[in-house]
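Need the 3D shape of this:
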Amino acid sequence: MKNLFYTIFIFLSLQANAQYWQRITDFPSSERDDGISFVINNVAYCGTGLNAGFSACGDFYALDMLTDNWTSISSLPAFEERQYAVGFSYQNEGYLLGGINGSSNLNDIWKYTPTLNSWTFIDTFPFTGRNGSASFIIDSIAYLIGGRTSSNLAINEVWAYNILQNTWEQKGDLPFGERWRASACSINNKGYLLFGKDNEDKFSNSVFEYDALLDTWTLISNFPEPSMAYVSAQVVNNNIVLIGGLDSLGNSSSKMMQYKIAENVWQNLENIPSDGRRGGMCFSNSNSIYYTAGINQNNIRIKETWKSDNPTSIKKNENKIDILLFPNPVHSDNNFTIQLSERIDNKFSIQLFSYEGILVRDIYQNGLNQTEFSFSPKESISSGVYFVKLNSSEFTIVKKIIVIN
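All right, here's what the predicted structure looks like:
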């Protein structure tokens with residue numbers, strides 16, 4: 001188990017190498033957000049969501065990721081339209097669970113069979129309907145995590161759906177509280193839950209790892225930036241790639257970032273060269289990541305489709321600049337020093353963030369040609385874990401500092 005207080009967070013925003021975004025053909029139907037997608041044999045299946053007229057959708061479309069061409073496929077049956085559903089694939093079939101249509105939270109399960117181009121009703125949950133849940137699959141078990149129910153309150157329930165047996169088992173509740181519109185994925189028989197919101201509309205910046213055998217959750221990292229929700233998560237090379245979303249400051253994001261689990265390192269990848277967005281449909285194959293539709297900063301629903309080839313290909317920081325913090329830990333009555341390994345030739349800033357990703361203090365703004373800074377936490381911050389962030393137009397570095405009394 002990783003010890004939270006000795007975890008190293010290194011957030012590097014580096015120049016891209018052999019990675020880029022290109023806009024391909026738009027989503028071939030109405031603009032929408034909060035739809036679902038799943039991938040079967042290099043074909044992504046996308047549908048549902050809420051359109052610009054605030055009507056839930058039930059239509060679906062397939063994107064061939066070898067040719068980047070869209071085709072129309074069978075829609076859900078009439079009156080089964082929805083948004084905030086859960087979608088995933090298993091053994092060459094796609095699954096859709098729950099969601100909401102108007103004020104009705106849904107608890108049904110549908111299966112899509114590509115060879116028949118048809119949807120089949122499977123069953124209903126043995127529990128109340130919900131929307132905005134997260135999900136991941138471990139072996140043949142799909143985990144349905146959190147969401148909101150008819151009370152419009154987020155919940156901390158975790159249910160395990162045995163796809164082969166069509167049975168449900170309730171697992172232990174989330175020990176860290178309720179989650180809505182969190183991000184989730186699975187890697188090497190471990191589940192991961194990131195971000196999301198609680199019932200007080202507080203955003204999370206945490207990453208939790210789930211052990212299915214023990215039915216336990218472990219906090220493994222905190223994102224050293226403002227907390228997030230509505231973020232799309234994909235798995236590339238056994239790492240988590242995250243795109244878009246809404247942060248706790250109300251900003252819709254165009255960022256693509258990578259969390260390297262084994263190293264506990266966060267890295268910025270290449271941003272989508274367009275508006276920030278959230279609630280889009282995101283999917284990937286072994287070579288590329290796609291993001292389509294969603295809603296932008298101005299709450300305008302869109303249907304742009306963007307594709308990034310080799311999304312995690314990064315070249316090293318050519319300047320090899322690092323920052324050293326000392327003493328660390330630092331007593332709250334003393335100063336600590338921020339020392340740059342090399343001079344930075346362009347303007348930069350240094351900021352102090354709380355463990356929750358909230359800006360605490362601007363330490364230095366518009367720095368130029370300076371390599372050493374001093375900061376005193378006295379009478380300004382309490383004891384705890386903080387992050388020092390150096391940001392320039394070329395890169396970003398974040399290091400942890402511990403303040404003690």
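
Chain neighbours aside, what residue packs nearest to the spatially most central residue of the chain?
Nearest to the geometric centre of the chain sits Val231, at 3.4 Å (C-alpha atoms, centre = their mean). Computed as C-beta to C-beta, 6 or more residues apart in numbering, the closest residue to Val231 that is not its neighbour in sequence is Gly245, at 3.4 Å. Heads up, the C-betas are built off the backbone N, CA and C, glycines and all.

My guess is the one you found contacts Ala233. True?
No - under the criterion of C-beta atoms under 8 Å, Gly245 makes no contact with Ala233, lying 9.6 Å away.

rewinding a little: tell me the pLDDT of the residue nearest to Val231.
What the model reports as pLDDT for Gly245 is 97.

Same question for Leu219.
We have a pLDDT of 96 for Leu219.

residue contacts, it?
By C-beta atoms under 8 Å, 6 or more residues apart in numbering, the residues touching Leu219 are Leu4, Phe176, Ser206, Val207, Phe208.

And for Glu157, the neighbour number?
Using other C-beta atoms under 10 Å, the number of residues around Glu157 comes to 20.

Phi, psi for it please.
In terms of degrees, to the nearest 10, the main-chain angles of Glu157 are phi -70, psi 150.

Verify the stated contact: it with Gln170.
Yes - using C-beta under 8 Å as the test, Glu157 is close enough to Gln170 to be in contact (7.0 Å).

Find the residues that touch each one of the two.
With C-beta under 8 Å, 6+ apart, Glu157 and Gln170 have common neighbours Phe127.

For Lys197, give me its contacts.
Ala154, Arg179, Trp180, Arg181, Phe203, Ser204, Ala229.

Farthest pair within these?
The most widely separated members of the contacts of Lys197, counting by C-beta to C-beta, are Ala154 and Phe203 (12.0 Å).

In the stretch 201-350 of the chain, where is pLDDT below threshold?
Counting by pLDDT under 70, the stretch 201-350 of the chain has low-confidence residues at 314-320.

the helices in it, which residues?
Under the criterion DSSP state H, counting those that start in this stretch, the stretch 201-350 of the chain contains no helices.

what about the closest residue in space to Pro226 that isn't next to it in sequence, how many neighbours?
The shortest distance from Pro226 to any non-neighbouring residue, by C-beta to C-beta, 6+ apart, is to Asp247 (4.1 Å). Burial of Asp247, expressed as a neighbour count using other C-beta under 10 Å, amounts to 23.

Asp247 touches Ser254, doesn't it?
No - with contact defined as C-beta under 8 Å, Asp247 does not count as touching Ser254 (11.7 Å).

Pull the contacting residues for the residue nearest to Val231.
Gly245 neighbours (C-beta under 8 Å, 6+ apart): Ser183, Phe195, Met228, Ala229, Tyr230, Val231, Ser232, Ser252, Ser253, Lys255, Arg278.

I'd like to know how far it sits from Gly196.
Separation of Gly245 from Gly196 (C-beta to C-beta, to the nearest Å) stands at 10 Å.

can you check Asp215 too?
In terms of C-beta to C-beta, Asp215 sits 20 Å off from Gly196.

These two: which is more packed in?
When neighbours are counted by other C-beta under 10 Å, Gly196 comes out ahead of the other of Asp215 and Gly196, with 30 against 12.

which ones are touching the residue nearest to the more buried one when sequence neighbours are not counted?
Nearest-residue entry for Gly196: Ala182, 2.9 Å, with adjacent residues in sequence omitted and distances by C-beta to C-beta, 6+ apart. With contact taken as C-beta under 8 Å, 6+ apart, Ala182 is in contact with Ala134, Ile145, Gly146, Leu193, Leu194, Phe195, Gly196, Ser204, Ala229.

which phi and psi does Ala182 have?
phi -80, psi 170.

Could I get the pLDDT score of it?
Taking Ala182 on its own, its pLDDT is 98.

And Leu368, by the same measure?
In this model, Leu368 carries a pLDDT of 62.

do Val86 as well
98.

can you tell me which residues contact it?
Shown in contact with Val86 (C-beta under 8 Å, 6+ apart): Ile36, Leu96, Leu97, Gly98, Gly99, Ser133, Ala134, Ser135, Leu144.

Check Ser75 too.
Taking C-beta under 8 Å, 6+ apart, one finds Gly47, Gly58, Asp59, Phe60, Trp119 in contact with Ser75.

Grab the two from the contacts of Leu219 that are most spread out in space.
Leu4 and Phe176 (12.3 Å).

coming back round to it: by neighbours, which of the contacts of Ala182 wins?
Ranking the contacts of Ala182 using other C-beta under 10 Å puts Gly196 first, with 30 neighbours.

pretty sure it is in contact with Phe176, am I right?
No - taking contacts as C-beta under 8 Å, Gly196 lies outside contact range of Phe176: 10.1 Å.

excluding its backbone neighbours, what's nearest Glu372?
Nearest to Glu372 is Gln339, by C-beta to C-beta, 6+ apart, at 5.1 Å.

no wait, Arg278
Using C-beta to C-beta, 6+ apart and skipping residues adjacent in sequence, the residue nearest Arg278 is Tyr230, 3.8 Å away.

what's the answer for Gly35, then?
Nearest to Gly35 is Gly49, by C-beta to C-beta, 6+ apart, at 3.2 Å.

which residues does that neighbour contact?
Contact analysis of Gly49 by C-beta under 8 Å, 6+ apart lists Arg32, Asp33, Asp34, Gly35, Ile36, Ala56, Cys57, Gln83, Gly279, Met281, Ala293.

count of residues packed around the last one?
Right, the one you point to is Ala293. Ala293 has 27 nearby residues by other C-beta under 10 Å.
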